[in-house]
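Enquirer: the sequence isn't on hand, but the structure is:
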Ligand code: FCB
């Protein structure tokens, strides 16, 4: 099939992505306590066997999931053996379905006890996350090769502590800056803990890359705004992990400093790239999608060329250590399913182009296997290849055949 031919290596990971709170159901954490209760959800905790069968039937060979900290450690220092047994069954089922797991430790949700201690706002709380990572490595380290400490740390920082839209609903740039620093520290601790107790694993983060372009390319103020937003949102976290420190002057917010930490430097074995959309920004900082631009049900612009651009950016940020990249999320909310097929085709064509340009991409995970709880938006947005009743959407068949085409004519080593 067109650009996919002889482009993808035979060991390329084709997957779908999920997170525990969004699909499992029956979880009590800081989100449910704050009135964003996912309820019984789409009951993946009960229906995972069936869901993995679906994933396998789509020709995928990998699956991204997260472990819910609030289930495994519902009270401080108390490890729930039933929750542990559950996730061991999940890993066994993934293995039986030939789906390689990619496992996230922190995907936006926290145990209530940890949130009550101030969560990520307090630097001394990093040790609880470290202890969680240690425990996870001991119990599940043998079940997976690919580990993600943090999902979209900068989205978390902005949504929770700058825009105040997600728990704990804080709007304070100084707190946001602290959380940014604490997440870096938390990642560093977890990175080393995972490596200390689990052998032959690779540890990374899933980083949201949003293209941030000036609304008016000729307006120097818009250009400046785009430059600063891009540096702080897309680059800062990765630069800090690569170099072990970060400094930047942000107009209006002062100096951002992450002091040098040798343990932080190089604490990435791969980089996950989550890509959804681009924003055009102006001097007011607004994120604008022009009315005539194609967009998803959430109003996010559909801009496939952006995938190649963010992969180039991710490669440039990690080039010093030639890190492998994974597209750990890419997808759209589309209840009609009319846009999802073209979305997949055009984004995979960009991915193919990136591979031909020798960007070291090792996998692609579509968000999401099934409709789920989209955070503050609730159950409205439909990101799934399957709906909540496990009915396959037509685009799922297309994904299945695109994977088949890519696998049928793999790239032969030259
Ligand atoms: C990403 C999140 C993921 C999902 C998608 C639509 O920002 O990581 O949980 O909500 O957006």
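Expert: Done, it's in. Predicted model only: the values in this text are computed from it and were never measured.
Enquirer: residues of the stretch 1-150 of the chain that sit close to the ligand?
Expert: Contact residues, the stretch 1-150 of the chain versus the ligand (Cβ under 6 Å from any ligand atom): 19, 22. From N, CA and C alone the C-beta is placed, and that goes for glycine too.
Enquirer: taking the stretch 1-150 of the chain, what residue is nearest to the ligand?
Expert: Using Cβ to the nearest ligand atom, the closest approach of the stretch 1-150 of the chain to the ligand is made by residue 19 at 5.0 Å.
Enquirer: burial measure for that residue, as a count.
Expert: 25 (other Cβ atoms under 10 Å).
Enquirer: residue contacts, it?
Expert: 65-66, 104, 107-109, 151 (Cβ atoms under 8 Å, 6 or more residues apart in numbering).
Enquirer: list buried residues within the residues you listed.
Expert: Neighbour counting with 16 or more other Cβ atoms under 10 Å marks 65-66, 104, 107-109, 151 as buried within the contacts of residue 19.
Enquirer: closest one of those to residue 387?
Expert: Of all these, residue 387 sits closest to residue 65, with 19.3 Å by Cβ to Cβ.
Enquirer: nearest residue to that closest one other than its sequence neighbours?
Expert: Excluding its sequence neighbours, the residue lying closest to residue 65 (Cβ to Cβ, 6 or more residues apart in numbering) is residue 18, at 5.5 Å.
Enquirer: do I have it right that that neighbour meets residue 371?
Expert: No - here residue 18 does not reach residue 371: they are 10.8 Å apart, not a contact under Cβ atoms under 8 Å.
Enquirer: which of these two has more neighbours?
Expert: Comparing residue 18 with residue 371 by other Cβ under 10 Å, the one with more neighbours is residue 18, at 29 against 24.
Enquirer: mind listing what the more buried one touches?
Expert: Residue 18 neighbours (Cβ under 8 Å, 6+ apart): 44, 63-66, 368-370, 372.
Enquirer: and the residues you listed, which two are furthest apart?
Expert: Farthest pair in the contacts of residue 18 (Cβ to Cβ) is 66 and 370. Separation: 14.9 Å.
Enquirer: I'd like to know how many residues surround residue 82.
Expert: Applying other Cβ under 10 Å, I find that residue 82 has 8 neighbouring residues.
Enquirer: okay, strands next: where are they in this structure?
Expert: Here the chain has its strands, by DSSP state E, at 13-17, 62-66, 100-106, 146-151, 202-214, 246-250, 254-258, 270-281, 287-288, 325-330, 361-367.
Enquirer: would you list these in TSV and tack on mean pLDDT and distance to residue 379?
Expert: Shown next, in TSV, are those (pLDDT from 0 to 100; distance: least, Cβ to Cβ, whole Å):
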stretch	mean pLDDT	distance to residue 379
strand 13-17	98	18
strand 62-66	99	19
strand 100-106	99	21
strand 146-151	99	20
strand 202-214	98	22
strand 246-250	92	36
strand 254-258	91	37
strand 270-281	98	19
strand 287-288	86	24
strand 325-330	99	19
strand 361-367	98	15
